[in-house]
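**Q** quick one: sequence plus predicted model below, questions after.
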Amino acid sequence: MVSARSSILSLDNMKKPKCNVVIWFVLETQVSVVEFQEFFQENVLNLRLPSQDLTYPEFRQYFHQTMGYLFWKWDENFHVQNHIDICDEFKTQSGPVLESTVLKLNEKLLSQPWPDQRSPWKFLLINNYERGQFPKTLVLLVLHHGMGDGYSFLKLIQNHLVGDIYKGKTAKPKMGIASPGKDIWGSLVLPFKIAYEFSEQALSYDFNEWHRSGWKLTGEVKVARTKRIPIAFVKQLKTKFGVSFSAILSAAAAGGIRKYFLDHGILLPESMRVFLPLPFPNHPDDKLVTHLTGCYYKLPVGEPFPQKRVEAAHRNFESFRGSSIPLVNFYLALIGGALPSCMFALNKNYHCTGIFSNFPGDEETQIFMMNRKIEEFSYNVGYLHGATGLQIIF
């Protein structure tokens, strides 16, 4: 049976999915599709636990709904060639493939339907990807988010796909939130604190031009990217203002949204609420799971002064420390995911305008896939269930 937390994402219309994920890996040298198929078959698909059970059975299974609940069911006609191939759009192209062209493909992949009775994942290889002086291989991992969270796939790549030259050290998820009931006084007020913070979360609702009812959303996906921002520059600002890395990023996003609203004559709200996914401690290794939490975060779009905007962003992040909401939402997902499909509307997000995701990378400076250096890594996620029309991803 699909776990309760995974069911929140897995209960999706596979013909019109909202929970697809597209992950980009730019490799320093080219790789053939046959080499990739054989490597993945040997190092992931055939990998077994001491009990001789498959380590990653989900790659050979698909979601099957019975009596309102989801179960894993084996793909009786599984072939690795169905899941790893050269990208159809570029099979006959001899010239260089541009990033702008792949971004258009990315938009389609985020809502691309999945074949019946087939596990919802695939690797698409694009050779001759234009990046610098020499052609690269762009590997697109397309999957349904119900298969697992980002850390599960990062761990899989670091443990089983790097090859022989290097074993990366995966950054451990850090919730960065203190326990809300550490002392006697905290334990006494905890029930009241949970009730207050939960009611505040449940009753909050964003009112702005970008937050519309689900039936008013077009469903059309658009993907855009900024130029690459050097991490050293972000760290320099972080040190200068004495704030967190995420505060700098969210303040920059808030500034961009503010500028757009003002340039287009749109009424600017004081803040814009977004859903912030947060890693949760004790994430299982060598297993595809959904082991995360999240809460609402306010982007300070109404603050006109950049430095004050950074300070406001930092205060908003700091408010999570001691908050009961991330912990409550982690266990609340068990209840929501245990509901039958007829009650699934209760799990949809109608409260906030968008989603803000800042996924931590590797602790080391170099990451490898199949003995090739990964020169670039990025990802995009569908709009998920509900009425969110915006995603900001770093």
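**A** Looks like it arrived, so ask away. Residues are numbered from 1 along each chain as shown.
**Q** for residue 346, what are its contacts?
**A** Each residue near residue 346 by C-beta atoms under 8 Å, 6 or more residues apart in numbering is listed here: 336, 339. Where C-beta positions appear, they are placed from N, C-alpha and C, glycine not excepted.
**Q** could you look up the SS state of it?
**A** Remark: residue 346 carries the secondary structure label helix [criterion: DSSP: H, G, I helix; E, B strand; the rest coil].
**Q** ok, now how distant is it from residue 197?
**A** According to C-beta to C-beta, to the nearest Å, residue 346 and residue 197 sit 19 Å apart.
**Q** contact partners for residue 23?
**A** By C-beta under 8 Å, 6+ apart, the residues touching residue 23 are 140-143, 153, 377-379.
**Q** list buried residues within these.
**A** Among the contacts of residue 23, those scoring as buried are 140-143, 153, 377, 379 (criterion: 16 or more other C-beta atoms under 10 Å).
**Q** restricted to strands, list those.
**A** Among the buried ones among the contacts of residue 23, the ones falling in strands (DSSP state E) are 140-143, 377, 379.
**Q** could you dump those into a markdown table and include pLDDT?
**A** A markdown table is the format used below for these (pLDDT from 0 to 100):
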| residue | pLDDT |
| --- | --- |
| 140 | 96 |
| 141 | 96 |
| 142 | 97 |
| 143 | 97 |
| 377 | 87 |
| 379 | 91 |
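**Q** which among the residues you listed gets closest to residue 232?
**A** residue 377 (17.2 Å; C-beta to C-beta).
**Q** residues touching the closest one, list them.
**A** 23-26, 361, 367.
**Q** of the residues you listed, select the buried ones using a ChimeraX command.
**A** Selection of buried members from the contacts of residue 377 for ChimeraX, criterion 16+ other C-beta under 10 Å:
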select :23,24,25,26,367
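**Q** tell me which of the contacts of residue 377 is nearest to residue 125?
**A** Nearest member of those to residue 125, counting by C-beta to C-beta, is residue 25, at 10.1 Å.
**Q** residues in contact with the closest residue to residue 371 other than its chain neighbours?
**A** Leaving aside its chain neighbours, residue 371 sits nearest to residue 163 (3.4 Å; criterion: C-beta to C-beta, 6 or more residues apart in numbering). Counting by C-beta under 8 Å, 6+ apart, residue 163 makes contact with 39, 368-372.
**Q** so, low pLDDT: which residues of the stretch 101-250 of the chain?
**A** Scanning the stretch 101-250 of the chain with the threshold set as pLDDT under 70 gives 164-187, 214-216.
**Q** in it, which spans are helices?
**A** For the stretch 101-250 of the chain, the helices defined by DSSP state H, counting those that start in this stretch cover 150-156, 184-203, 231-241, 245-263.
**Q** ok so residue 356 is a strand residue?
**A** Yes: the assignment for residue 356 by three-state DSSP puts it in a strand.
**Q** helix/strand/coil for the spatially closest residue to it that is not a sequence neighbour?
**A** Spatial nearest neighbour of residue 356, excluding adjacent residues (C-beta to C-beta, 6+ apart): residue 274 at 4.2 Å. Three-state call for residue 274 (three-state DSSP): strand.
**Q** ok, residue 274 to residue 226 distance?
**A** In this structure, residue 274 and residue 226 are 17 Å apart, going by C-beta to C-beta.
**Q** quick revisit: and the helices of the stretch 101-250 of the chain: which comes nearest residue 1?
**A** Closest among these, using C-beta to C-beta: helix 150-156, at 18.0 Å.
**Q** packing partners for the closest one?
**A** Using 3 or more C-beta pairs under 8 Å, 6 or more residues apart in numbering; DSSP states H and E as the contact test, no helix or strand touches helix 150-156.
**Q** put the alpha carbons of it into CSV.
**A** This file holds the C-alpha atoms of helix 150-156, laid out as CSV (Å, rounded to 0.1, in the frame of the first residue of the first chain):
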residue,chain,number,x,y,z
GLY,A,150,13.8,15.3,-3.3
TYR,A,151,16.2,14.0,-0.7
SER,A,152,15.3,10.4,-1.6
PHE,A,153,16.4,10.9,-5.1
LEU,A,154,19.5,12.9,-4.2
LYS,A,155,20.5,10.1,-1.9
LEU,A,156,19.9,7.5,-4.6
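**Q** off-centre distance for that helix?
**A** Helix 150-156 sits 11 Å away from the centroid of its parent chain (C-alpha atoms, centre = their mean, to the nearest Å).
**Q** what does it contact?
**A** In contact with helix 150-156 (C-beta under 8 Å, 6+ apart) are residues 21, 23, 44, 56, 141, 143, 170, 173, 279, 283, 285-289, 291-292, 359, 379.
**Q** can I have the buried ones of the residues you listed as a PyMOL selection?
**A** Applying 16+ other C-beta under 10 Å to the contacts of helix 150-156, the buried members can be selected in PyMOL as follows:
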select buried, resi 21+23+44+56+141+143+170+173+279+283+288+289+291+292+359+379
